[in-house]
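Trainee: Next one to model:
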Amino acid sequence: MFKSQKSKAKPQSDSQPPIPESACLDIDALKSGQIQWSNQKISTCDLRDQKVGADLEFSDCNFTEFCNFEGACFSGHLVFRRCTFDDFVMFRGARLPDRAVFDGCHFKNGASFASGMSTASGTPVEERDLKHINFAGTVFEGYVTFNNREFQRSMNFDKCKFVDPPHFQNTDFHHGTSFDEAEFLPPKFKDQKRLARAEKGYRRLKRLMGELGDIDRHSEFLACELRARVHQKRVSPFEKLMIRLYDFGSDFGRSLIRPILFLIVVSCINFLLLTALTWQSAPPPYAGIANFLLEQSVSPFAALKSGSPPLIALSGTSPIIPGLIKSVALLQTLPVLTALALFIFSIRRRFSS
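Mentor: Okay, the predicted model is just below:
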């Protein structure tokens, strides 16, 4: 039940003064009717295992302490608009109405919408079904879980912001589940267990989006998964390097422009290196250098074949310069092959169904 320090809450209209800062609601009032609270600070909220038949609507309210709706059964409307929850919110095992609304809310310390039982021992879970929930524009901080649930209708997570990755272990998604314009912040914490949990959570979301055929969200969660993985100590330095190159070179396969920009940057650096190696030539062989780099781009490893590339003749008498020029040629060839692979992979990811 909801407890407070002052007086009962009443529906507020434009002509009424602000509702008192706290309110009291006895359990009998929850059986039927309609209860609307607005602009209120609520210190205690405990509806554990209660049957709620009334229509509940909260607008711009601030729940300052732990909210416990575990196992509650809601048969009326349940609406939270622009509400702030300072402490953890527990909806584990709750039976929510066909349509529940958490529009523009802010969960500052996490929330649980999981079912009440685990399937680890093969025991069937209770209260798996969730009909439709609208979380549009909601901010989730801390741990949030929908484990062991089944989304039977559309679930709206559009424009949500997740500071910590959401968890959907053993959750069945509906095709109407939407994450349009949702923001998933990269993990900034150093706790290795949290990073591993984040990687696992995003991997699960990636697979679910793949099953639904949502390529954009699949790519988004792949990027989140790899960003969580790259900060873990158990991952080898070589794998971390490959992940960072994959990010820099193609934004984890989501960008068609980055591979081209990557090649341009590498070519410019190699042009400067070759100019420095052939500085003895007068005038500087800019055209020859450009043709040399183009040849390496079109014909990989051309400079490593038998015979001396024409550019080497301009390098002077130093015996080490030809070897350095061939090394630069290799530095040109490998990024070309990498950029081509990233470009093809980005096209495949974008246009695959």
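
Trainee: Look up which residues are beta-bridged to the residue nearest in space to the middle of the chain.
Mentor: In the chain, the residue lying closest to the centroid (C-alpha atoms, centre = their mean) is residue 184, at 3.2 Å. Residue 184 has these beta-bridge partners by DSSP bridges: residue 162.

Trainee: Residue 166 versus that one, what's the distance?
Mentor: 9 Å (C-beta to C-beta, to the nearest Å). Just so you know, the C-beta spots here come from the backbone N, C-alpha and C atoms, and that holds for glycine as well.

Trainee: Contacts only, for the residue nearest to the centre of the chain.
Mentor: 162, 165, 202, 220-221, 224 (C-beta atoms under 8 Å, 6 or more residues apart in numbering).

Trainee: Which of these sits closest to residue 179?
Mentor: Comparing the contacts of residue 184 against residue 179 with C-beta to C-beta places residue 220 closest, at 7.6 Å.

Trainee: Per-residue pLDDT of the closest one, please?
Mentor: Here the pLDDT value assigned to residue 220 is 85.

Trainee: now do residue 109
Mentor: On the pLDDT scale, residue 109 gets 93.

Trainee: give me every residue that touches it.
Mentor: Residue 109 neighbours (C-beta under 8 Å, 6+ apart): 85-88, 141-142.

Trainee: Confirm it sits in a strand?
Mentor: No: secondary structure of residue 109 (DSSP: H, G, I helix; E, B strand; the rest coil): coil, not part of a strand.

Trainee: how near is it to residue 286?
Mentor: 62 Å.

Trainee: Show me the contacts of residue 184 that map onto strands.
Mentor: residue 162 (DSSP state E).

Trainee: okay if I get the contacts of residue 184 as JSON lines plus neighbour count?
Mentor: Formatted as JSON lines, the contacts of residue 184 follow (neighbours: other C-beta atoms under 10 Å):
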{"residue": "162", "neighbour count": "19"}
{"residue": "165", "neighbour count": "27"}
{"residue": "202", "neighbour count": "25"}
{"residue": "220", "neighbour count": "21"}
{"residue": "221", "neighbour count": "24"}
{"residue": "224", "neighbour count": "24"}
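
Trainee: Could you list the low-confidence segments of the stretch 201-350 of the chain?
Mentor: 279-284, 298-323, 331-332, 342-343, 345-350 (pLDDT under 70).

Trainee: So residue 274: helix, strand or coil?
Mentor: Per three-state DSSP, residue 274 ends up helix.

Trainee: which non-adjacent residue is nearest it?
Mentor: residue 289 (4.6 Å; C-beta to C-beta, 6 or more residues apart in numbering).

Trainee: shouldn't that neighbour be in contact with residue 275?
Mentor: Yes: applying C-beta atoms under 8 Å as the test, residue 289 and residue 275 come out as touching, 6.3 Å apart.

Trainee: Comparing these two, which residue is more hemmed in?
Mentor: residue 289 (23 against 14; other C-beta atoms under 10 Å).

Trainee: Alpha carbons of the host helix or strand of residue 241, in CSV - could you do that?
Mentor: Under the criterion of DSSP states H and E, residue 241 resides in helix 237-250. Extracted in CSV, the C-alpha atoms of helix 237-250 (Å, rounded to 0.1, in the frame of the first residue of the first chain):
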residue,chain,number,x,y,z
PRO,A,237,45.6,-8.0,-26.6
PHE,A,238,45.4,-9.2,-30.3
GLU,A,239,41.6,-9.6,-30.1
LYS,A,240,41.3,-6.2,-28.5
LEU,A,241,43.3,-4.7,-31.4
MET,A,242,41.1,-6.4,-33.9
ILE,A,243,37.9,-5.1,-32.2
ARG,A,244,39.3,-1.6,-32.1
LEU,A,245,40.3,-1.7,-35.8
TYR,A,246,36.8,-3.1,-36.6
ASP,A,247,35.3,-0.2,-34.7
PHE,A,248,37.6,2.5,-36.3
GLY,A,249,37.5,1.0,-39.8
SER,A,250,33.7,0.4,-40.2
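
Trainee: Show me what counts as buried in it.
Mentor: By neighbour count with 16 or more other C-beta atoms under 10 Å, helix 237-250 contains the buried residues 243, 246-247, 249-250.

Trainee: Leaving out sequence neighbours, find the closest residue to residue 112.
Mentor: residue 92 (4.7 Å).

Trainee: Would you map the helices across the stretch 151-300 of the chain?
Mentor: 192-212, 215-229, 237-250, 258-277, 286-298 (DSSP state H, counting those that start in this stretch).

Trainee: Can you add distance to residue 135 and give these back as CSV?
Mentor: As requested, the helices of the stretch 151-300 of the chain are exported to CSV (distance: least, C-beta to C-beta, whole Å):
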stretch, distance to residue 135
helix 192-212, 15
helix 215-229, 15
helix 237-250, 28
helix 258-277, 32
helix 286-298, 48
